[in-house]
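In: No sequence on hand, only this structure:
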């Protein structure tokens with residue numbers, strides 16, 4: 001069993017290290033150690049995507065993700081999953097360039113979204129849009145209502161760190177670039193706003 005220590009590494013480094021370790025074996029087990037839940041979840045999705053058996057254990061403030069390659073059994077055989085319908089990527093806290101009007105338009109967009117029958121499967125916020133799930137109380141309440149309707153909400157971890165907002169995430173989860181990179185194949189449609 002090979003141990004891959006990916007603690008302290010931001011996305012997508014833990015996935016790349018796991019991929020490299022797995023590429024060197026025909027069958028066997030690797031354990032990737034990470035220090036945040038978002039990386040553990042990304043490794044889980046990576047393993048599921050390629051049909052690898054996986055387990056996640058927490059130990060102190062670390063996650064140990066075991067990935068098994070090359071062994072097959074009936075229980076691991078899965079039907080190809082159908083694509084999710086819509087991924088919404090939000091790249092700014094406003095729509096357009098005018099701050100005041102842009103905020104009004106962004107708020108109206110998400111309030112209207114709440115009233116529609118079909119919501120996106122996932123919303124990924126990046127760049128200045130991270131303000132909407134961290135320090136903007138008005139938008140936090142809107143996103144909590146959207147999340148209650150079953151929409152997964154992720155906020156870019158790199159962006160949170162850049163704006164020093166990591167400790168202020170109030171709705172959804174810390175996300176990584178894998179969320180929108182995987183979206184290319186996992187979703188039927190990707191819409192960008194901001």
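Out: Perfect, thanks for sending it. Remember, it's a predicted structure, so these values are computed and weren't measured experimentally.
In: what about the chain, any weak spots by pLDDT?
Out: Counting by pLDDT under 70, the chain shows low-confidence ranges at 71-83.
In: per the record, what domains does it have?
Out: 2-76, 84-193 (automatic domain parsing).
In: I'd like those domains as CSV, with mean neighbour count appended.
Out: C-beta here means a position set from N, CA and C on the backbone, and glycine is covered the same way. Converted to CSV, those look like this (neighbours: other Cβ atoms under 10 Å):
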stretch, mean neighbour count
domain 2-76, 16
domain 84-193, 17
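In: Just confirm residue 41 is within a helix.
Out: Yes - counting by DSSP: H, G, I helix; E, B strand; the rest coil, residue 41 is part of a helix.
In: Next one: the closest residue in space to it that isn't next to it in sequence relative to residue 52, how far apart?
Out: Nearest-residue entry for residue 41: residue 173, 7.8 Å, with adjacent residues in sequence omitted and distances by Cβ to Cβ, 6 or more residues apart in numbering. Distance check for residue 173 against residue 52: by Cβ to Cβ, to the nearest Å, it reads 23 Å.
In: which residue ranges form the helices in the protein?
Out: In the chain, the helices defined using DSSP state H lie at 13-23, 37-49, 99-115, 137-148, 157-162, 177-186.
In: need these in CSV with distance to residue 84, can you?
Out: As requested, the helices of the chain are arranged in CSV below (distance: least, Cβ to Cβ, whole Å):
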stretch, distance to residue 84
helix 13-23, 20
helix 37-49, 12
helix 99-115, 16
helix 137-148, 16
helix 157-162, 21
helix 177-186, 6
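In: nearest to residue 192, of those?
Out: Comparing the helices of the chain by their distance to residue 192 (Cβ to Cβ), the top pick is helix 177-186, with 9.2 Å.
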